[in-house]
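Novice: next one to model:
(2 chains)
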Amino acid sequence: GAVVSQHPSWVICKSGTSVKIECRSLDFQATTMFWYRQFPKQSLMLMATSNEGSKATYEQGVEKDKFLINHASLTLSTLTVTSAHPEDSSFYICSATAQVTDTQYFGPGTRLTVL
Amino acid sequence: EDKVVQSPLSLVVHEGDTVTLNCSYEVTNFRSLLWYKQEKKAPTFLFMLTSSGIEKKSGRLSSILDKKELFSILNITATQTGDSAVYLCAPQADRGSTLGRLYFGRGTQLTVWP
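Specialist: Numbering: from 1, shown residues only, chains lettered A, B, ... in the order given. Reported below is the predicted structural model:
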């Protein structure tokens, strides 16, 4: 089956630092990848959609200068949380769309805690 | 405004019971509807439904879509404690308009007691 990995699975950082999260599709090519954020007891909130080789499209209310997305290849997208603050602490999940089936597969998520 | 409503929000049953989870949606440029199961981590894929009236089955789970009534159900028979999770319904838009993004509801929290 289609596998999506994320790294790191958890990270703790100090306020003001930047954190990079990687999302990889391991056994399929993904033209489109999505980044979500999920707070406890809430559903997934789409942050941005990224297409390989082009700029990401951000959802309303998501600061593109704070959440930098790079989708450099068909198997890798990165999300960088710049100058992280405690309110950025959340569960960040990526998903990748398998080109052939159009099914979205989710990575295992990254738990970010900003102190 | 695009909308996904799942019901019930929470369900507690005993092992062996059968449950039906509901999902109604209003999504522009609808293409398909996906069901996911979320335990402690990220959602895992269950079903993708594109056509009305065709039931998809996987073991004790089955799902069907009604594109006229904008509705889908997920059935789980002979529930087990391992079925305890949040079940998410996610209509998908077509790729042309929004690159196939998913819209999520709040999910149904299913708890199965032994």
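
Novice: quick one: contacts for A:Glu59?
Specialist: A:Glu59 makes contact with A:45-48, according to Cβ atoms under 8 Å, 6 or more residues apart in numbering or on different chains. (Each C-beta comes from the backbone N, C-alpha and C, glycine too.)

Novice: was I right to think B:Gly100 contacts B:Arg31?
Specialist: Yes: using Cβ atoms under 8 Å, B:Gly100 is in contact with B:Arg31, at 6.9 Å.

Novice: list residues touching both of those two?
Specialist: A:102, B:92-94.

Novice: now, those residues that are in strands?
Specialist: Counting by DSSP state E, the part of the shared contacts of B:Gly100 and B:Arg31 found in strands is B:92-93.

Novice: check the shared contacts of B:Gly100 and B:Arg31 and tell me the two furthest apart.
Specialist: A:Asp102 and B:Ala93 (10.9 Å; Cβ to Cβ).

Novice: overlap of the contact sets of the two?
Specialist: Residues touching both A:Asp102 and B:Ala93 (Cβ under 8 Å, 6+ apart): B:31, B:100.

Novice: how about A:Arg18: what's its closest non-neighbour residue?
Specialist: Not quite, residue A:18 is Ser, not Arg. A:Thr82 (4.7 Å; Cβ to Cβ, 6 or more residues apart in numbering or on different chains).

Novice: ok, the one you found - contacts?
Specialist: A:Thr82 sits in contact with A:18, A:65-68, where contact means Cβ under 8 Å, 6+ apart.

Novice: same thing with B:Ala85?
Specialist: With Cβ under 8 Å, 6+ apart, B:Ala85 has these contacts: B:37-39, B:109-110.

Novice: go on, A:Cys23?
Specialist: Applying Cβ under 8 Å, 6+ apart, the residues near A:Cys23 are A:4-6, A:33, A:35, A:76-79, A:94, A:96, A:107.

Novice: point out where the chain drops to low pLDDT.
Specialist: Assuming you mean chain A. A:1 (pLDDT under 70).

Novice: I was thinking of chain B, sorry if that wasn't clear
Specialist: Checking chain B against pLDDT under 70 turns up B:1-2, B:97-98.

Novice: with neighbour numbers in mind, choose between B:Gly100 and B:Arg31.
Specialist: B:Gly100 (21 against 17; other Cβ atoms under 10 Å in any protein chain shown).

Novice: which SS class is the more buried one?
Specialist: coil (DSSP: H, G, I helix; E, B strand; the rest coil).

Novice: check the one 10 residues further on too.
Specialist: Under the three-state scheme (three-state DSSP), the conformation of B:Leu110 reads as strand.

Novice: out of everything not next to it in sequence, what's closest to it?
Specialist: B:Leu110 sits nearest to B:Leu11 (Cβ to Cβ, 6+ apart), 5.1 Å away.

Novice: residues touching the one you found, list them.
Specialist: B:19, B:21, B:108-111.

Novice: which stretch of helix or strand covers it?
Specialist: strand B:10-14 (DSSP states H and E).

Novice: please consider this matter closed, and thank you.
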